[in-house]
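**Q** Here you go, sequence then predicted model.
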Number of protein chains: 2
Amino acid sequence: MQSEAHTLDEATGLVELGEGWYAGATHPAYANMAGPFGGVTAAALLNAVLIDPRRSADPIALTVNFCGAIAEGEFEIETKLQRGGKTTQHWSTELKQKGVVCATASAVCGARKPVWSHYPVKGPTAPPREGLAEMSKNGRPEWTRRYSFRFVEGGLDNYPRDDGLIHSARTLAYIQDAPERPLDFVSLAALADAFFVRIIHARGTFQPMATVSLTTYFHADADELVAIGATPLLGEADAAIFHNGFADQTSALWTPDGRLVANGVQITWYKE
Amino acid sequence: MQSEAHTLDEATGLVELGEGWYAGATHPAYANMAGPFGGVTAAALLNAVLIDPRRSADPIALTVNFCGAIAEGEFEIETKLQRGGKTTQHWSTELKQKGVVCATASAVCGARKPVWSHYPVKGPTAPPREGLAEMSKNGRPEWTRRYSFRFVEGGLDNYPRDDGLIHSARTLAYIQDAPERPLDFVSLAALADAFFVRIIHARGTFQPMATVSLTTYFHADADELVAIGATPLLGEADAAIFHNGFADQTSALWTPDGRLVANGVQITWYKE
């Protein structure tokens, strides 16, 4: 049986045009309301660093700034190794379409060592995934079909709501690539943005909204991710403030047995 | 009486050399163990955007990557307006010494509008500041003398400890510029990094450590900050994971009456 590339690998795949210069393209399977799902853009930007032969260690931090709409079609990514030290490498990347910057990112790679470690925050408790309903994808953007969502708390079955009530912004859900795919930094970079924008959960209504900037920290190295494999993750997301058109958002991705593999924040814009 | 510039303004002040090109210098008042306090570097990088005549709105998000040691003395900052839209502007900045990149940053500016707002997370409760002891600066780096720290929870009076115990990584403290200074984006950018690296609180011992990347979200516009003035802020900081040489850190800055003015995350490196 021939092995086929996972759709995420097709969508984030890049062709090297020169040192630090790559070509890619949007993929219809990850289309959002306007342009691609931000997570797949984040993953492509990180992938440009991951495949760069100058990279010396696993990624630790990724910040992606979504500067403007990305049109369907080709894009180029330029990576710049800003500084490489003994322990860390700092990268800046830009995604352009027809010479116009659509997204920028910074990535830090860092060499881990088996030193003192400590895990003060415990993973969320949740019932087994098997007993939870799969989120319906009816009427939702195409990219949602590339993930399995099983909500423990803060689901979206009644969205949009007309109850006029403000609900909790918090979500706890099992999230996994669909079809399943072993975890790696590419998939984690995308999963970190697979939470719906919190205003949807809090307000229950629809209005124009977008992620403006997304920061993700990776808390496992490549070998640890290989060992974790293709398990669903327990994802937590919440928000502290929605103020005059901008809202924050926190997220964390845990293995079901309580290992934090990534967490981070994003700031989102909303119109009204 | 002649009004004197606040030390923070001296330390973050820049001279324009050309469009998007500024000269600054480290300031001994904000010296850390090696190089300047990261918060003042973050504030200088943001200030380059704040004083840029092309800037159209208040900052919303700032990510600073600390790429390498900053030596005492002069530096240059280059700003690049990556993309300007109707609502947001995206900036990339680099801080260099003798042509070598020491820090990079991305900043997003955004126009707020009086739209639907919601504040689901309430500020921390704390006893009045007046009854709390000022943190001793004995044996601490120079920059700590530029701030007032009054700990409600998770203080550092017994640091370094020899008890061999792991304590909570959480801190709650009143923090303010010393001498006091009206809040603005420059001071908030620095205050967001004024929390001690969490490993100090958790482990109680000293080892080499550094902030690698710092992301701060601003939740007030310039006029709101003017109205808040020079009040001490209630700062919360915590960490979820210390794993093989890298640890995360969350922070939030609240007015004493419960208005969130900034929050964010950082990833820190530690050696052993």
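**A** Structure's in. What do you need?

**Q** what does the stretch 151-272 of chain A have sitting close to chain B?
**A** A:166, A:168-169, A:202-203, A:212-213, A:215, A:217, A:219-221, A:238-246, A:248, A:250, A:252, A:260, A:263-265, A:267, A:269-272 (Cβ under 8 Å from any Cβ of the partner chain). In this view, the C-beta of every residue, glycine as well, is placed from N, C-alpha and C.

**Q** 7 Å - rerun?
**A** Within the stretch 151-272 of chain A, the residues that sit near chain B (Cβ under 7 Å from any Cβ of the partner chain) are A:166, A:169, A:202, A:212-213, A:215, A:217, A:219, A:239-246, A:248, A:260, A:263-265, A:267, A:269, A:272.

**Q** Just the buried ones from the residues you listed?
**A** For these, a burial check counting by 16 or more other Cβ atoms under 10 Å in any protein chain shown picks out A:169, A:202, A:212-213, A:215, A:217, A:219, A:239-246, A:248, A:260, A:263-265, A:267, A:269.

**Q** which residues are in contact with stretch A:79-96?
**A** With contacts defined as Cβ atoms under 7 Å, 6 or more residues apart in numbering or on different chains, stretch A:79-96 is touched by A:20, A:41, A:45, A:48-49, A:52, A:54-57, A:75-78, A:101-111, B:65, B:67-68, B:92, B:101, B:104, B:212, B:269.

**Q** Now A:Ala222: closest residue in space, sequence neighbours ignored.
**A** With sequence-adjacent residues excluded and distances taken as Cβ to Cβ, 6 or more residues apart in numbering or on different chains, A:Ala222 is closest to A:Asp58, at 5.2 Å.

**Q** now swap in A:Ala44 and tell me
**A** Closest to A:Ala44 by Cβ to Cβ, 6+ apart is A:Thr12, at 4.5 Å.

**Q** same thing with A:Phe151?
**A** Using Cβ to Cβ, 6+ apart and skipping the chain neighbours, the partner closest in space to A:Phe151 is A:Ala173 (4.5 Å).

**Q** Let me see the contact set for A:His118.
**A** Taking Cβ under 7 Å, 6+ apart, one finds B:Ile166, B:Ala202, B:Phe242 in contact with A:His118.

**Q** filter these by proximity to chain A?
**A** Filtering those for proximity to chain A by Cβ under 7 Å from any Cβ leaves B:Ile166, B:Ala202, B:Phe242.

**Q** In helices, which of the residues you listed appear?
**A** Judged by DSSP state H, the ones next to chain A among the contacts of A:His118 include B:Ala202 as members of helices.

**Q** Could you measure from the spatially closest residue to A:Ala202 that is not a sequence neighbour over to A:Ser251?
**A** Of all residues not flanking A:Ala202 in the chain, A:Ala169 sits nearest, at 4.4 Å (Cβ to Cβ, 6+ apart). As judged by Cβ to Cβ, to the nearest Å, A:Ala169 and A:Ser251 stand 12 Å apart.

**Q** picking that back up, walk me through which strands the helix or strand harbouring the residue nearest to A:Phe151 pairs with, and which way each runs.
**A** Using DSSP states H and E, A:Ala173 sits within strand A:171-177. The strands beside strand A:171-177 in its sheet (DSSP bridges) come out as strand A:147-153 (antiparallel), strand A:233-238 (antiparallel).

**Q** Let me know the average pLDDT across the first one.
**A** This points to strand A:147-153. Per-residue pLDDT over strand A:147-153 has a mean of 97.

**Q** buried residues in that strand?
**A** So, applying 16+ other Cβ under 10 Å, buried residues of strand A:147-153: A:Tyr147, A:Ser148, A:Phe149, A:Arg150, A:Phe151, A:Val152.

**Q** Give me the contacts around that strand.
**A** A:126-127, A:129, A:132-135, A:170-178, A:194, A:232.

**Q** In JSON lines, list the ones next to chain A among the contacts of A:His118 along with pLDDT.
**A** JSON lines is the format used below for the ones next to chain A among the contacts of A:His118 (pLDDT from 0 to 100):
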{"residue": "B:Ile166", "pLDDT": "92"}
{"residue": "B:Ala202", "pLDDT": "92"}
{"residue": "B:Phe242", "pLDDT": "97"}
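
**Q** Quick check: of the ones next to chain A among the contacts of A:His118, which lies closest to chain A?
**A** When those are ranked by distance to chain A (Cβ to the nearest Cβ), B:Phe242 comes first, at 4.3 Å.

**Q** partner residues bridging the closest one?
**A** Under the criterion used (DSSP bridges), B:Phe242 bridges to A:His118, B:Ala247.

**Q** List the residues that contact it.
**A** A:Ser117, A:His118, B:Ile199, B:Ala202.

**Q** just A:Gly235 next, same as before
**A** A:Ala173, A:Ile175, A:Phe195, A:Ser251, A:Leu253.

**Q** elements contacting the lowest-mean-pLDDT helix or strand in chain A?
**A** Of all helical and strand segments in chain A, the minimum by mean pLDDT, DSSP states H and E falls on helix A:198-203, at a mean of 91. Packed against helix A:198-203 by the contact rule (3 or more Cβ pairs under 7 Å, 6 or more residues apart in numbering or on different chains; DSSP states H and E) you find strand A:246-254.

**Q** Now do the strand it packs on against strand A:233-238: the angle between them, please.
**A** Orientation note: strand A:246-254 sits at an angle of 160 degrees relative to strand A:233-238 (axes from the mean of the first three to the mean of the last three Cα atoms, to 10 degrees).

**Q** For strand A:246-254, report the contacting residues that lie outside it.
**A** Under Cβ under 7 Å, 6+ apart, the answer for strand A:246-254 is A:123-124, A:188, A:191-192, A:195, A:198-199, A:233-241, A:260-270, B:60, B:110, B:112, B:217, B:263.

**Q** Tell me which of those residues fall in strands.
**A** Of the positions in the contacts of strand A:246-254, A:233-238, A:260-270, B:60, B:110, B:217, B:263 sit in strands, assigned by DSSP state E.

**Q** ok so, going back, OK, contacts around the residue nearest to A:Ala44?
**A** By Cβ under 7 Å, 6+ apart, A:Thr12 lies in contact with A:Val40, A:Ala43, A:Ala44, A:Asn47, A:Val186.

**Q** List buried members of the contacts of strand A:147-153 by neighbour count.
**A** By neighbour count, with 16+ other Cβ under 10 Å, the contacts of strand A:147-153 hold A:126, A:129, A:132, A:135, A:170-177, A:194, A:232 as buried.

**Q** could you give the angle of the lengthiest helix in chain A to strand A:147-153?
**A** When chain A is parsed with DSSP H, its longest helix is helix A:38-50. Per the same axes, to 10 degrees, the angle that helix A:38-50 makes with strand A:147-153 is 120 degrees.
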